[in-house]
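*Asks:* just a sequence and a predicted model for now, questions to come.
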Amino acid sequence: MKVFDAIVIGAGQAGVPLAKKLANAGWKTVLIEKRWVGGTCINDGCTPTKAMVASARMAYLAGNSKTLGIDIPAYEVNFKAVMARKSAIVSQFREGSIAGIEKTKNLTLVYGEAKFQDDHTVVVNGKDGNFENYTAKHIFINAGASPRIPEIEGIKEIKYLTSTSILEIKEVPEHLLVVGGGYIGLEFGQMFKRFGAEVTIMEQSSRLMPKEDDDVCEVMSGIFKEDGIKVLTETKVVKFETLANDKIKVTIDLKGEKTTFTCSHVLIASGRSPQTTALGLENTAITCDSRGFIQVNEFLETKAAQVYALGDVKGGPAFTHISYNDYIVVTKNLLENSKMSVKDRMIPYCMFTDPQLGRIGITETQAKEEGVDYLVAKIPMRNVARAIETAEIRGFMKAVVDKKTKQILGATIIGEQGGEIMSVLQMAMMGKITYEEIRIAIFAHPLYAESLNNLFMSIA
């Protein structure tokens, strides 16, 4: 039995900084990782996908250069080079993270799969085939999530792609079917359309992004159709079949009517499931919800004393920055005797389509449902000076404000640098700056942020 002060399971965006912080505080810490250091974000999430999105945007700019008076007669997507660049960036980030771990005193990195024997003991099946037992007073679970594969007839007989495996594809698909109209599906769909694929996106709901306001969905759907992407809503896959020419026959239920078509590749982007099944949680007091996510309180404590869950494995918003903030919450409380909570924290996020969708706070729909006395500020990007000058006029700026207090309750930005503009409003929300103060503030001309003046002038 190897005894430590802390065991951290999973070297993701909470696990790595947490393990280093505890070790630097004098805790003898072991970090257990079954796959690669860096978790989903570095290896098959944010880092590789955003590198590929950058390449896809360059293709888009080249193809639309005439708008700015620049004639590029032809361009070629070197997909092999795109993927090589992506892989190099992933390696750079991963190796940098490993180097940081290795030079941290009191920190041991172990590769293998951890399984609980009881609340404070885990056995690790190492990559070398050996089993080792570890025990610690404090254990932190940052095991993450992985693509969820729906039960569809014939799905096991086709070579479907996930958000992980598509990052290793060798060539641009001829026709990519994306099953799922959420953020992952939309980002990959637009990306591969720009690389040269025919793309069809299918969503079971009546519209894309059902958690967003109607006007958000309408504008984003219009952008995708303008980009030549076929979007099918109220559509469910009934069956997959592999044809003799290796094409995939897809039978779908489209608004109650069955129809078929063929494609070359299928991307399953219908959500993610927590990686909890192999953790041996049945041997502990730790409980999970009906979907397998570990249940925690507002301090990220599980039902087992001194055992915590961080990041995607606990459910809630599955964002890297939330996982990192979980690490902040835990270390503040354990090392600084704080009572920091995840309750009511702001949840900013950005979808890296082009244009971006940046979101913070509540939507107009939520304001209505909660009975808030609110006002809406909104301007189209075609009325934003910077957007006109850069030929990036798709989208809009929108904010929901409290009619009485003048505080900003939420914002949605669809536009070039939408996430950055959203972050300006997030800072205003954090600082309790009213929309009236922003309306008369001085912003450098001609930034996108300058049009926040105009945004709030839209309120009578």
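*Replies:* Yes, it's here. Being a predicted model, the structure only gives us computed values, none of them experimental.
*Asks:* what is the burial count for the closest residue to L300 other than its chain neighbours?
*Replies:* Counting by Cβ to Cβ, 6 or more residues apart in numbering, Y308 is the residue found nearest to L300 once chain neighbours are left out, at 4.9 Å. For every residue, glycine as well, the C-beta is placed using N, CA and C. As a burial measure, Y308 scores 26 neighbours (other Cβ atoms under 10 Å).
*Asks:* next helix or strand past the strand or helix carrying Y308?
*Replies:* Element membership for Y308 (DSSP states H and E) is strand 307-309. Counting by DSSP H and E, the next helix or strand C-terminal to strand 307-309 is helix 320-336.
*Asks:* can you dump the C-alpha coordinates of that following helix into PDB?
*Replies:* Taking Å, rounded to 0.1, in the frame of the first residue of the first chain, the C-alpha atoms of helix 320-336 are listed here in PDB:
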ATOM      1  CA  THR A 320     -12.800  23.600 -19.600                       C
ATOM      2  CA  HIS A 321     -13.100  26.900 -17.800                       C
ATOM      3  CA  ILE A 322     -15.600  25.400 -15.400                       C
ATOM      4  CA  SER A 323     -13.300  22.500 -14.700                       C
ATOM      5  CA  TYR A 324     -10.500  24.900 -14.000                       C
ATOM      6  CA  ASN A 325     -12.700  27.000 -11.700                       C
ATOM      7  CA  ASP A 326     -13.600  23.700  -9.800                       C
ATOM      8  CA  TYR A 327      -9.900  23.500  -9.000                       C
ATOM      9  CA  ILE A 328      -9.900  27.000  -7.700                       C
ATOM     10  CA  VAL A 329     -12.900  26.300  -5.500                       C
ATOM     11  CA  VAL A 330     -11.400  23.200  -4.000                       C
ATOM     12  CA  THR A 331      -7.900  24.600  -3.300                       C
ATOM     13  CA  LYS A 332      -9.400  27.900  -1.900                       C
ATOM     14  CA  ASN A 333     -11.400  25.900   0.600                       C
ATOM     15  CA  LEU A 334      -8.800  23.300   1.500                       C
ATOM     16  CA  LEU A 335      -5.700  25.500   1.600                       C
ATOM     17  CA  GLU A 336      -7.100  28.900   2.600                       C
END
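*Asks:* show me the contact partners of the next helix or strand after it.
*Replies:* Counting by DSSP H and E, the next helix or strand C-terminal to helix 320-336 is strand 349-351. Applying Cβ atoms under 8 Å, 6 or more residues apart in numbering, the contact partners of strand 349-351 are 183, 186-187, 317, 319, 321, 356-360, 418-419, 422.
*Asks:* so which of the residues you listed comes closest to K20?
*Replies:* H321 (17.9 Å; Cβ to Cβ).
*Asks:* could you check how far the closest one is from A25?
*Replies:* In this view, H321 and A25 are 23 Å apart by Cβ to Cβ, to the nearest Å.
*Asks:* before we move on, the earlier item: what's in contact with the strand holding Y308?
*Replies:* 119-120, 138-142, 284, 286, 294, 296, 300-302, 330.
*Asks:* ok, those vs A51, which is closest?
*Replies:* N142 (23.5 Å).
*Asks:* on that earlier part again, distance from the chain centre to the strand holding Y308, please.
*Replies:* From the chain centre to the centre of strand 307-309 is a distance of 22 Å (Cα atoms, centre = their mean, to the nearest Å).
*Asks:* stretch 243-254 too?
*Replies:* 29 Å.
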